[in-house]
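Participant: pasting the structure only:
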């Protein structure tokens with residue numbers, strides 16, 4: 001099972017849109033996929049048609065606080081596709097877990113007590129737009145990191161903070177963690193700025209030391225173009241493939257999922273979960 005944390009401390013860059021639609025595209029390919037919603041806003045859950053606040057069902061909050069096993073919180077939302085939902089209860093988790101030993105490893109430990117590695121091909125964790133304990137839990141449980149990035153100048157400056165965080169987690173909590181992919185979202189074709197930022201990013205990665213967690217990171221060839229249909233789909237509780245499968249957004253995420261599936265198979269087995 002490939003375990004992927006989708007993270008960016010900046011909001012509005014396409015993080016949840018990427019998590020949900022890559023998951024949906026992989027499921028359409030016949031891969032078994034589970035999305036873990038770690039954002040207290042619950043946007044990934046809502047995007048997939050689940051309002052975990054209204055239905056009162058168990059959420060990832062119950063997993064992190066130890067009141068429910070992870071297997072009991074996953075919901076099937078389509079063929080080959082499940083979600084572990086979230087709601088606003090998760091907003092208080094950082095304070096509630098302040099004195100819990102090894103609080104950064106709660107999600108990893110919960111995964112080790114499941115059969116997720118047998119049941120799914122991909123586990124995609126949608127992180128909140130912050131670098132707090134929820135994101136660190138995802139990074140401690142994952143083997144790969146995908147970073148959605150809007151191709152603007154300031155996005156490159158924020159990227160250095162993301163890299164520092166992954167390096168810190170790699171040193172202290174999870175030596176298997178690597179930044180494996182960067183997704184350029186909200187891409188405006190034909191603009192010089194987007195092309196310049198893309199070139200600068202690839203040049204930076206090529207010049208990075210071989211022993212850093214982002215060494216060898218792939219800048220996906222697929223650029224996710226700015227598309228209003230991607231913004232409309234969540235309000236209908238649908239992935240872009242259910243909402244408008246013929247739009248540019250669906251075509252871009254289908255192509256991106258093909259790239260994700262074709263990445264080196266070395267990421268397929270996660271040693272962190274073998275002990276389960």
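Facilitator: Cool, the structure landed. Predicted model only: the values in this text are computed from it and were never measured. Residues are numbered from 1 along each chain as shown.
Participant: okay, now the unreliable bits of the chain?
Facilitator: Within the chain, the ranges that satisfy pLDDT under 70 run 52-53, 264-276.
Participant: farthest from the middle of it: give me that residue.
Facilitator: When distances to the mean C-alpha position of the chain are computed (C-alpha atoms, centre = their mean), the maximum falls on residue 192, with 28.4 Å.
Participant: could you pull out the strands for the stretch 51-200 of the chain?
Facilitator: Ranges of strands in the stretch 51-200 of the chain, per DSSP state E, counting those that start in this stretch, are 75-78, 81-84, 122-126, 144-149, 178-187.
Participant: take the ones you listed and write them to CSV, including mean neighbour count.
Facilitator: (Glycine included, C-beta is placed from N, CA and C.) Shown next, in CSV, are those (neighbours: other C-beta atoms under 10 Å):
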stretch, mean neighbour count
strand 75-78, 18
strand 81-84, 26
strand 122-126, 27
strand 144-149, 26
strand 178-187, 23
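Participant: any chance of CSV for those, columns distance to residue 247?
Facilitator: Shown next, in CSV, are these (distance: least, C-beta to C-beta, whole Å):
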stretch, distance to residue 247
strand 75-78, 19
strand 81-84, 20
strand 122-126, 22
strand 144-149, 19
strand 178-187, 15
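Participant: which positions in the lengthiest helix in the chain come out as buried?
Facilitator: Counting residues, the longest helix found in the chain (DSSP state H) is helix 153-172. Buried residues in helix 153-172, defined by neighbour count with 16 or more other C-beta atoms under 10 Å: 155, 158, 159, 162, 163, 165, 166, 167, 169, 170.
Participant: which strands or helices does it pack on?
Facilitator: Applying 3 or more C-beta pairs under 8 Å, 6 or more residues apart in numbering; DSSP states H and E, we find helix 153-172 packed against helix 133-141, strand 144-149, strand 178-187, helix 192-206.
Participant: include distance to residue 41 when you put these into a markdown table, please.
Facilitator: A markdown table is the format used below for these (distance: least, C-beta to C-beta, whole Å):
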| stretch | distance to residue 41 |
| --- | --- |
| helix 133-141 | 11 |
| strand 144-149 | 16 |
| strand 178-187 | 18 |
| helix 192-206 | 27 |
